[in-house]
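# here are the coordinates; sequence isn't available:
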């Protein structure tokens, strides 16, 4: 009997194994590329209009001028600029603020959600404040934060945390509560305590939603870091300061270069945390 | 109403003993009313009844998930296996790790629980699938994994809450055969909840018919077919006759 079962199992295994590796949807590269080329062409057209017709070239500079602002430290006429160095330094500083703020938001968010998952009473007590955090116009608080905590690194991080925190709290809480009743009862029947249940059932089960929240928070953290920077002009300049300065000096190419780098930072952070999520739970959970 | 409970063959072998058990939920719903039920070692008792008659509540009381509001419900073993309607596997754990879960929660040493998991996986015919994840398995295989997980507890009393209800007919019949084989080999006492009368008759040594809400036992049938059972007894006139009687009692009780 066992021999036959064994054979059955083996024949089934032989059938099932090729399906083990799920076929990944191949990322198409040329279709987005076509759109990109069209976009750049349109940009040249508009830039040409502003240059020749309106004589306001700094409002929409030519793409190649923007690229040059990013990578060259001298103008074609030999005038040295230190802009590209400033830009990369600003990027570095804003990245540090983003990641610090995001890190703090992750820790606070996960701990907050775990507390709420422990008892309905705690959830009732604490959840309204998470929602409030989401509703408060944080921009309105920024001047106050500056006055209280100074206009440098600390305040920038605080703004970032406040903007990035809510998705971490709500997604983690949702994930922790998503384990189904029968699974909880399975643990209960073995006399598993609260901590065991949290560690072996709720936290692993919550990881997909935690990573969804993380991805959203990462994008928001970039926004928070730049907004904070724009408001707190003191301290070492980040991308926000650079945007303010170049805009006020009508330095079109430099302004555009800064905006593009800021956007790319957002995209990279989003992709990076999506990738981390996929590596962590993609084995058993289908991330979109 | 036939309430003459058959006397256990030997004293001390009754693993589950319910007498006059009633269950009233806080919202006032009366789920169970004066239920008498015993399950002895070596018995496989199926409970059939209309939806909402409190069949599952019986299991929840037996396992300790709920406490009866009246009557005495005694279970004379701590080794209880509980198989849920769904396989309730943890999707991030492989088959082997899922099967090990209960022993792990009971803080058994790693070596021992690996050994037990291996045996249980072999018993349900899943050898070769140890490293698969639940999402890579069919519904039937998930249920086998769930069975294997309970088997690691060496249960003396096995509680089944409509475990095969969601499976297709062919898979269900195959799992019925495997469950019978496990029952013959392992000699646990079984309490099996189902909607299917023929499944109940095929698997069991006794079939208990419950009425609609509030649920109570209306008839008991002894199933005379010897174990191990030939799958073909399902097509004999005797089998069909018993299924007919049980179905009739079920309809009567529903009125």
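Perfect, I can see it now. All of these numbers come straight from a predicted model, not from anything done at the bench.
# can you pull out the helices in the chain?
Here I'm looking at chain A. For chain A, the helices identified by DSSP state H occupy A:2-16, A:30-48, A:63-71, A:83-118, A:120-135, A:138-149, A:153-177, A:181-189, A:194-197, A:203-231, A:239-248, A:252-281, in order along the chain.
# was after chain B, sorry
Going by DSSP H, chain B shows helices at B:55-63, B:95-105, B:110-123, B:139-151, B:169-186, B:197-203, B:237-254.
# what angle sits between the third one and helix B:139-151?
Translated: helix B:110-123. Going by axes from the mean of the first three to the mean of the last three CA atoms, to 10 degrees, helix B:110-123 is angled at 140 degrees with respect to helix B:139-151.
# near chain A, which residues of the stretch 1-150 of chain B?
For the stretch 1-150 of chain B, the residues in contact with chain A under the definition CB under 8 Å from any CB of the partner chain are B:63-65, B:80, B:82, B:84-86, B:88, B:90-92, B:101-102, B:104-106, B:122, B:125-129, B:132-136. (Each C-beta comes from the backbone N, C-alpha and C, glycine too.)
# so of those residues, which ones are in strands?
Among these, the members falling in strands (DSSP state E) are B:80, B:82.
# From the residues of the stretch 1-150 of chain B next to chain A, list the buried ones, please.
Restricting the residues of the stretch 1-150 of chain B next to chain A to buried positions leaves B:63, B:80, B:82, B:84-86, B:88, B:90, B:92, B:101-102, B:104-105, B:125-129, B:132-134, B:136, with burial counted as 16 or more other CB atoms under 10 Å in any protein chain shown.
# Any idea which of the helices of chain B gets closest to residue B:221?
Checking the helices of chain B against residue B:221 by CB to CB gives helix B:237-254 as the closest, at 5.9 Å.
# still on that earlier bit, just put the helices of chain B in TSV and tack on mean pLDDT.
Putting the helices of chain B into TSV (pLDDT from 0 to 100) gives the following:
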stretch	mean pLDDT
helix B:55-63	90
helix B:95-105	93
helix B:110-123	92
helix B:139-151	93
helix B:169-186	89
helix B:197-203	93
helix B:237-254	90
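# Between those, which one is closest to residue A:266.
When these are ranked by proximity to residue A:266, the top entry is helix B:95-105, at 38.0 Å, counting by CB to CB.
# now for that closest one, which elements pack on it?
Helices and strands touching helix B:95-105, as assessed by 3 or more CB pairs under 8 Å, 6 or more residues apart in numbering or on different chains; DSSP states H and E, comprise helix A:181-189, helix B:110-123, helix B:139-151.
# Would you tell me which one of those helices is buried the most?
Highest mean neighbour count among the helices and strands packed on helix B:95-105 (mean count of other CB atoms under 10 Å in any protein chain shown): helix B:139-151, with a mean of 23.
# Check which helices and strands that one is in contact with.
Helix B:139-151 makes packing contacts with strand B:80-83, helix B:95-105, helix B:110-123, helix B:169-186 when contacts are defined by 3+ CB pairs under 8 Å, 6+ apart.
# got these as CSV, with distance to residue B:45 columns?
As requested, the helices and strands packed on helix B:139-151 are arranged in CSV below (distance: least, CB to CB, whole Å):
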stretch, distance to residue B:45
strand B:80-83, 15
helix B:95-105, 23
helix B:110-123, 22
helix B:169-186, 12
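# who wins for proximity to chain B among the helices of chain A?
Ranking the helices of chain A by proximity to chain B (CB to the nearest CB) places helix A:2-16 first, at 3.6 Å.
# Leaving out the residues flanking it, which one is nearest to residue B:228?
Of all residues not flanking residue B:228 in the chain, residue B:184 sits nearest, at 4.8 Å (CB to CB, 6 or more residues apart in numbering or on different chains).
# just residue A:105 next, same as before
Across the structure, with CB to CB, 6+ apart as the measure, the residue nearest residue A:105 apart from its sequence neighbours is residue A:164 (4.1 Å).
# Ignoring the adjacent residues along the chain, who's closest to residue A:142?
Nearest non-adjacent residue to residue A:142 (CB to CB, 6+ apart): residue A:231, at 4.8 Å.
# OK, now which residue of the stretch 151-255 of chain B is nearest to chain A?
For the stretch 151-255 of chain B, the residue positioned closest to chain A under CB to the nearest CB is residue B:181, at a distance of 7.3 Å.
# Isn't that residue up against residue B:228?
Yes: between residue B:181 and residue B:228 a contact is recorded at 7.0 Å, counting by CB atoms under 8 Å.
# neighbours around residue A:40, how many?
Residue A:40 is flanked by 12 other residues according to other CB atoms under 10 Å in any protein chain shown.
# what's the spacing between the residue nearest to residue A:142 and residue A:135?
For residue A:231, the distance to residue A:135 equals 20 Å [CB to CB, to the nearest Å].
# Mind checking which of these two has more residues around it?
Set side by side, residue A:231 and residue A:135 give different neighbour counts by other CB under 10 Å, the larger being at residue A:231 (19 against 8).
# For residue B:94, see how far away that one is.
Using CB to CB, one gets 51 Å for the distance from residue A:231 to residue B:94.
# same check, this time on residue A:81
Here the criterion is CB to CB. By it, residue A:81 lies 58 Å from residue B:94.
# So for those two, which sits in the more crowded spot?
For residue A:81 against residue B:94, the residue with the higher neighbour count under other CB under 10 Å is residue B:94, and the figures read 20 against 15.
# and residue B:216, backbone torsions?
Comment: the main-chain dihedrals of residue B:216 come out as phi -150, psi 160, following degrees, to the nearest 10.
# residues in contact with the closest residue to it other than its chain neighbours?
On the basis of CB to CB, 6+ apart, the spatially nearest residue to residue B:216 that is not a chain neighbour turns out to be residue B:33, at 4.7 Å. Shown here is residue B:33, whose contacts under the criterion CB atoms under 8 Å, 6 or more residues apart in numbering or on different chains are B:22, B:214-216.
# per-residue pLDDT, residue B:33?
According to the prediction, residue B:33 has pLDDT 86.
# how close does it sit to residue A:143?
Shown here: residue B:33 relative to residue A:143, a distance of 69 Å by CB to CB.
# again with residue B:145
The gap separating residue B:145 from residue A:143 is 59 Å, by CB to CB.
# Can you flag the weakest of the helices of chain A by average pLDDT?
Within the helices of chain A, the least confident segment by mean pLDDT turns out to be helix A:2-16, at a mean of 46.
# picking that back up, burial measure for the residue nearest to residue A:105, as a count.
When neighbours are counted by other CB under 10 Å, residue A:164 registers 30.
# Now do the contacts for it.
Counting by CB under 8 Å, 6+ apart, residue A:164 makes contact with A:101-102, A:105, A:217-218, A:220-221, A:224.
# Name the nearest residue to the one residue in the stretch 51-200 of chain A that gets nearest to chain B, sequence neighbours excluded.
Closest to chain B within the stretch 51-200 of chain A is residue A:190: 3.9 Å, counting by CB to the nearest CB. Once its chain neighbours are removed from consideration, residue A:190 has its nearest residue in residue B:105; the separation is 3.9 Å (CB to CB, 6+ apart).
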